[in-house]
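Trainee: Return atomic coordinates for the entry below.
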Amino acid sequence: SDLKSCLHVQELVLDNCRSSEGKIEGITEEFSNLELLSLINVGLTSVADIPKLDKLKKLELSDNRISGGLEVLAERLVNLTHLNLSGNKFKDISTLEPLKKLPQLKSLDLFNCEVTNLADYRESIFKLLPQLTYLDGYDIDDCEASDSDGEGDGVDDEDEEGEALISGKLRENESDRNI
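Mentor: Sure, this is the predicted structure:
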């Protein structure tokens, strides 16, 4: 019955859970409906043990120690649209070349990776990965990703907007009372 329950899991967040020997463990192909997998700050050095997850769209791998070996992502996560590799050990554009084989990849984050210090970094990545719409939250023309496309940062703005609407309504009601 344990395996059956894996089938229903669409999002799996294991942030800050220390990996053993820097490898992915315990996530198997049984998680066949997984759409989001988050492994932030788990001490990963390798993604070699990631299983084949055909429905996975978002993979969060920030703040690990991965420096290469991305070929397996292209082989096993064919429908990946969002990949966050921020805060890893990528130094050269060439280490990202396997991502060319992810046709659906729309958004890639590489903040705080050494590769971002290279001259023409953005230009080079967009040339290498023509399928990409957003790199580090911005498109090729430096326009910021909308909430649904780039994921992440826009959520706070929505909350503030909601609060403003609520307080505006309250003010309207108060003015009615004064009359």
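
Trainee: Tell me where the protein has strands.
Mentor: Assigned by DSSP state E, the strands in the chain fall at 11-13, 36-38, 58-60, 82-84, 107-109, 134-135.

Trainee: What about residue 140, how many residues nearby?
Mentor: Neighbours of residue 140 under the rule other Cβ atoms under 10 Å: 15. To be clear about C-beta, it is placed using only N, CA and C from the backbone, and glycine gets the same treatment.

Trainee: Identify the residue spatially nearest to it, adjacent ones excluded.
Mentor: Using Cβ to Cβ, 6 or more residues apart in numbering and skipping the chain neighbours, the partner closest in space to residue 140 is residue 126 (5.1 Å).

Trainee: Contacts only, for that neighbour.
Mentor: Residues counted as contacts of residue 126 (Cβ atoms under 8 Å, 6 or more residues apart in numbering) are 132, 135, 140.

Trainee: In a markdown table: the strands of the chain, plus distance to residue 52.
Mentor: Putting the strands of the chain into a markdown table (distance: least, Cβ to Cβ, whole Å) gives the following:
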| stretch | distance to residue 52 |
| --- | --- |
| strand 11-13 | 15 |
| strand 36-38 | 13 |
| strand 58-60 | 13 |
| strand 82-84 | 16 |
| strand 107-109 | 21 |
| strand 134-135 | 26 |
